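S.K.: Can you look at this prediction? I've put the sequence above it.
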Amino acid sequence: MKKNIAIIMGGYSSEYQISLTSGNVVYEVLDNAKYNAYRIHIFKDKWVYVDDEDNEHPVNKHDFSVTVDDNKINFDCVFNAIHGAPGEDGYMQGYFELLGIPHTSCNMYQAGITFNKRDFLSILKPYGIKTAESFYLNLGDTVNENAIINKVGLPCFVKANKAGSSFGVTKVHKQEDLQHAIDFAFKEDDEIIIESFLDGTEVSIGVITYKGETKVLPITEIVSENDFFDYEAKYLGKSQEITPARLTKTQENNVTAVAKKVYEVLKMKGFSRSEYIFKGDEPYLLEMNTIPGLTKASILPQQAAAAGISMCDLFNNAIEEALK
């Protein structure tokens, strides 16, 4: 008997449009011989099932069901394609875990940690994971520019602490631009992280649970036409994404081992995509995305393809792992 799969997409953040694209790709690719797929739009003002004629049917939040033509539909599994809040920060994970509905993303605790860059990096430092020098600010804190620059140097990156897709990120070259970058980051979040600039090869590396095992996918090298891997570079074609990355064998072995260690230390499951920058042969961890882009042009599906895993296999496996 075919399983009913809810593909949740949209969300409450600046990333909602990218999420809708990812969710629709999952809907198109998922094996319809095995699954009945339903597109569920999650927005602040409505949760609805959107059918193939774009009719909207309200979701019953008490049990996450929908009713169509007097038939109640319950879901066997949720495929989470929401980038940002509330799909990547732990809220949807906690909701489904309370309802006892399997879902393809990591658990609530892991989602909350990885979505908070400061907490994520702080937890991993005792395990020997190398990270950039950093300085933290909360909205309302006094900004001591000299203290910040003494800690992280110039140039530096000012980032919203809990935001994805490079929203709220500025590379600062001069002290007089620091306050503007801080104000810009605070438009996305009430916490920010300021990090030292690491000058080296940047790579993105996917780690997933595949057929019951932790699998590190082929590594992608990021070559941005812009000053860093910003929104334009990620989504508007202003970068080269080279898979497999042009690394030495030592660099490849080092980042593969670190990526696997991070995934397992955090007790992750489902998809993950992390960014690293090399200083010499040593990879420095920047961040982890637990709901990475899932379009045909996205990095994780490209890496899966390089590993001989089709998008259909990638998505089917995520559901089968969740249903275990």
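M.R.: In hand now; what should we look at?
S.K.: Now do the contacts for V255.
M.R.: V203, I205, I219, L247, Y276, F278, P283 (Cβ atoms under 8 Å, 6 or more residues apart in numbering). Any C-beta I mention is one placed from the backbone N, CA and C, and that applies to glycine too.
S.K.: Doesn't it lie inside a helix?
M.R.: Yes: under DSSP: H, G, I helix; E, B strand; the rest coil, V255 sits within a helix.
S.K.: Which pLDDT does the model give it?
M.R.: On the pLDDT scale, V255 is placed at 98.
S.K.: Now do P301 against P244, distance only.
M.R.: Counting by Cβ to Cβ, to the nearest Å, the gap from P301 to P244 is 15 Å.
S.K.: Would you state the strands of the stretch 201-324 of the chain in chain order?
M.R.: Across the stretch 201-324 of the chain, reading from the start of the chain, the strands by DSSP state E, counting those that start in this stretch fall at 202-210, 213-216, 220-224, 239-242, 273-279, 282-289.
S.K.: which non-adjacent residue is nearest R39?
M.R.: Counting by Cβ to Cβ, 6 or more residues apart in numbering, R39 lies nearest to V50, which is 4.8 Å off, once chain neighbours are set aside.
S.K.: Return the helix or strand in this structure with minimum mean pLDDT.
M.R.: Comparing helices and strands within the chain by mean pLDDT, DSSP states H and E singles out helix 231-235 as the least confident, with a mean of 50.
S.K.: and the strands of the stretch 201-324 of the chain, which is most packed in?
M.R.: Here the criterion is mean neighbour count by mean count of other Cβ atoms under 10 Å, and of the strands of the stretch 201-324 of the chain the winner is strand 202-210, at a mean of 24.
S.K.: Any idea which of the strands of the stretch 201-324 of the chain has the lowest pLDDT on average?
M.R.: strand 239-242 (a mean of 86).
S.K.: Centre of the chain to it, how far?
M.R.: Taking the mean of its C-alpha atoms, strand 239-242 sits 18 Å from the chain's own mean (Cα atoms, centre = their mean, to the nearest Å).
S.K.: other SSEs contacting that strand?
M.R.: Based on contacts counted as 3 or more Cβ pairs under 8 Å, 6 or more residues apart in numbering; DSSP states H and E, the elements that strand 239-242 packs against are strand 220-224.
S.K.: and A85, what is it in contact with?
M.R.: When contacts are counted by Cβ under 8 Å, 6+ apart, A85 is found next to G11, Y12, S13, Y91, F115, K162.
S.K.: Please apply the same query to P58.
M.R.: Each residue near P58 by Cβ under 8 Å, 6+ apart is listed here: K46, W47, V48, Y49, V66.
S.K.: how is the chain carved up into domains?
M.R.: Residue ranges for the domains of the chain, per automatic domain parsing: 3-104, 112-130+199-323, 134-196.
S.K.: thinking Q110 is in contact with T290, fair?
M.R.: Yes: applying Cβ atoms under 8 Å, one finds Q110 in contact with T290, separated by 7.1 Å.
S.K.: Which stretches in this protein count as helices?
M.R.: Read by DSSP state H, the chain holds these helices, from start to end of the chain: 16-29, 91-99, 108-115, 117-124, 145-152, 178-186, 231-235, 249-265, 299-306, 311-323.
S.K.: If you average pLDDT over each of these, which is lowest?
M.R.: Between those, the lowest average pLDDT goes to helix 231-235, which shows a mean of 50.
S.K.: what are the bridge partners for K279, then?
M.R.: On the basis of DSSP bridges, K279 is bridged to E282.
S.K.: these two touch, right, it and G200?
M.R.: Yes: under the contact definition of Cβ under 8 Å, K279 touches G200, with a separation of 5.3 Å.
S.K.: And the strands in the stretch 1-150 of the chain, which stretches?
M.R.: Using DSSP E, counting those that start in this stretch, strands in the stretch 1-150 of the chain cover 3-10, 35-43, 46-50, 56-60, 65-68, 71-73, 77-80, 134-138.
S.K.: looking at those strands, which is closest to V223?
M.R.: Evaluated over those, closeness to V223 peaks at strand 134-138, with 24.8 Å, by Cβ to Cβ.
S.K.: In that closest one, which residues are buried?
M.R.: Of the residues in strand 134-138, those scored as buried under the neighbour-count criterion (16 or more other Cβ atoms under 10 Å) are S134, F135, L137.
S.K.: so who does the closest residue to the last one other than its chain neighbours touch?
M.R.: The spatially closest residue to L137, leaving aside those adjacent along the chain, is I192, at 5.0 Å (Cβ to Cβ, 6+ apart). With contacts taken as Cβ under 8 Å, 6+ apart, I192 has the following neighbours: Y136, L137, N138, V158, K159, A160, N161, G168, I182, A185, F186.
S.K.: next one: V78
M.R.: I5, A6, I7, I8, F64, M92, F96, I101, P102, H103, T104, A322.
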